[in-house]
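Novice: Task: produce atomic coordinates for the following.
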Amino acid sequence: MTLSVCAEIQTDGTITAFPYEPLTNCTFVIVSNDDYQVMTESANIVFDLDAAFYAEITGYLLLSFVSGHVLGRIVKGLGKA
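Specialist: Just a heads-up that it's a prediction; the model follows:
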């Protein structure tokens, strides 16, 4: 027998299950091991990363790091004056 229930993460870090809530209204779902096995076997998920997108994001991250570093050095220099 499989059982899937809605779950909600509370602000204190606990998880509350709502067994009678329809699964269509859920943000998180707790599934049984049987359901999990069926989903992983039949999903055929392929993660494809576009090389151009990866290069663009990497460039923006590098630019952000360098500009933040330079700005930090400028602020540090102004603080000593």
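Novice: ok now the helix or strand bottoming out on mean pLDDT in the chain, how far from the chain's centre?
Specialist: Each helix and strand of the chain was given a mean pLDDT (mean pLDDT, DSSP states H and E); the minimum falls on helix 33-43 at a mean of 76. Taking CA atoms, centre = their mean, to the nearest Å, the mean C-alpha location of helix 33-43 is offset from the chain mean by 21 Å.
Novice: and what of stretch 26-45?
Specialist: 17 Å.
Novice: related to what we said a few turns ago, extract the CA atoms of the least confident helix or strand of the chain and return them as PDB.
Specialist: Taking C-alpha atoms only, helix 33-43 is exported to PDB below (Å, rounded to 0.1, in the frame of the first residue of the first chain):
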ATOM      1  CA  ASN A  33       9.300   4.200  -0.600                       C
ATOM      2  CA  ASP A  34       7.200   2.300  -3.200                       C
ATOM      3  CA  ASP A  35       6.100   5.600  -4.800                       C
ATOM      4  CA  TYR A  36       9.600   6.900  -4.700                       C
ATOM      5  CA  GLN A  37      11.000   3.800  -6.500                       C
ATOM      6  CA  VAL A  38       8.300   4.100  -9.200                       C
ATOM      7  CA  MET A  39       9.000   7.800  -9.800                       C
ATOM      8  CA  THR A  40      12.700   7.300 -10.000                       C
ATOM      9  CA  GLU A  41      12.500   4.300 -12.300                       C
ATOM     10  CA  SER A  42      10.000   5.800 -14.700                       C
ATOM     11  CA  ALA A  43      11.200   9.500 -14.700                       C
END
